[in-house]
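In: Predicted model follows, preceded by the sequence.
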Amino acid sequence: MDTYIGKRARIDQSAYIGRGVVIIGPTIIGPRVVIEDYSIIGKPSEEQILKFQKHLNGKQLSYDDYDDCVITQTTIEEGCLLGRNTLIYSGCVLHHEVVCDDNCRVGWDTVIGAYSRIMYNALVYERIVTGEHCRISGFICNDTVLGNYVSMNGETLHSYYGYSNVDERSPAPKILDHTIVGFGVKIIGGVTIGYRSYLAAGAVVTRDVPDESIVTGVNGITRPNEWTGKLSQKGPWSRK
């Protein structure tokens, strides 16, 4: 696959663009950005493609067609590193020094805070907003909000009522600053996870979690001063 850079892209001369990279629409690539091989930046949203599709009359889409149908600006700020096969949809903003490991997907109109890292194979969907210094892996559903210094290793999900009954515009989880979400955690629906909480691996959360809580199992909320495990002797809730 050849490299393609759309006619509306603005790329700083210090940026590095790898082999087979596709940059579509009104995209801004800042200084010292590195985009590794076979990544796609500025891919149009489903809504934009469907609107454009009505006028194709059987014509196969080319990169120039895609470039024409993108109407939202994508911005990759200074010092970002996008690994091989990264997919960034249109309307995204990656603030400075964001790192995307290989094979990441970031959905349209998503904003990733500065100094954050999106881990290998992460699926970050649409209209997500994160604070700074986040670490994100797993599956993040539409409209999720992450605060600063959130370590997100599980999944955020919309409420599900059966096949074709997922409301992707329904309230999504909100996770406040300095929270750790362990591997395999599922946070479901429009719940809020309080400041400096710890969700242990495999937990399932369907209700709000107060600040500085430890969560295990299904909605098993424990206050740090009641916890007898190692977290009470070290880390953010140390009794010492």
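Out: Thanks, I have it. Numbers count the residues shown, from 1 in each chain.

In: quick one: the nearest residue to residue 222 once chain neighbours are set aside from residue 225, how far?
Out: Nearest residue to residue 222, sequence neighbours excluded (C-beta to C-beta, 6 or more residues apart in numbering): residue 214, at 4.7 Å. In short, each C-beta sits where N, CA and C put it, glycine included. In this view, residue 214 and residue 225 are 10 Å apart by C-beta to C-beta, to the nearest Å.

In: And for residue 108?
Out: Distance, residue 108 to residue 225, by C-beta to C-beta: 43 Å.

In: In terms of packing, which of these two has more residues around it?
Out: Here residue 108 and residue 225 are compared on neighbour count by other C-beta atoms under 10 Å; more neighbours surround residue 108, at 24 against 9.

In: quick one: pLDDT of that one?
Out: Here, the pLDDT recorded for residue 108 equals 94.

In: what kind of secondary structure is it in?
Out: Here residue 108 is coil, with the state taken from DSSP: H, G, I helix; E, B strand; the rest coil.

In: my read: it touches residue 25, true?
Out: No: using C-beta atoms under 8 Å, residue 108 is not in contact with residue 25; the gap is 10.9 Å.

In: Identify the residue nearest the geometric centre of this protein.
Out: By C-alpha atoms, centre = their mean, the mean C-alpha position of the chain lies nearest to residue 124, the distance being 3.5 Å.

In: and it, what are its bridge partners?
Out: Residue 124 has these beta-bridge partners by DSSP bridges: residue 106, residue 140.

In: what sits against it?
Out: For residue 124, the contacting residues are 104, 105, 106, 107, 110, 112, 118, 136, 140, by C-beta atoms under 8 Å, 6 or more residues apart in numbering.

In: Would you mind putting the residues you listed into a markdown table with distance to residue 50 and neighbour count alongside?
Out: Formatted as a markdown table, those follow (distance: C-beta to C-beta, whole Å; neighbours: other C-beta atoms under 10 Å):
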| residue | distance to residue 50 | neighbour count |
| --- | --- | --- |
| 104 | 24 | 25 |
| 105 | 19 | 19 |
| 106 | 20 | 28 |
| 107 | 16 | 23 |
| 110 | 20 | 23 |
| 112 | 26 | 29 |
| 118 | 27 | 27 |
| 136 | 28 | 25 |
| 140 | 24 | 30 |
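
In: Out of these, flag the one nearest to residue 96.
Out: residue 112 (10.4 Å; C-beta to C-beta).

In: which residues touch that closest one?
Out: Counting by C-beta under 8 Å, 6+ apart, residue 112 touches 92, 93, 94, 95, 98, 106, 118, 124, 128, 130, 134.

In: how about the residues you listed in CSV, adding secondary structure and distance to residue 5?
Out: Listed next are those as CSV, based on DSSP: H, G, I helix; E, B strand; the rest coil; distance: C-beta to C-beta, whole Å:
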residue, secondary structure, distance to residue 5
92, coil, 17
93, strand, 19
94, strand, 18
95, coil, 22
98, coil, 21
106, strand, 19
118, strand, 23
124, strand, 24
128, coil, 26
130, strand, 27
134, coil, 29
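
In: Selecting buried members of these in PyMOL, what would you type?
Out: To isolate the buried ones among the contacts of residue 112 in PyMOL, judged by 16 or more other C-beta atoms under 10 Å, type:
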select buried, resi 92+93+94+95+98+106+118+124+128+130+134
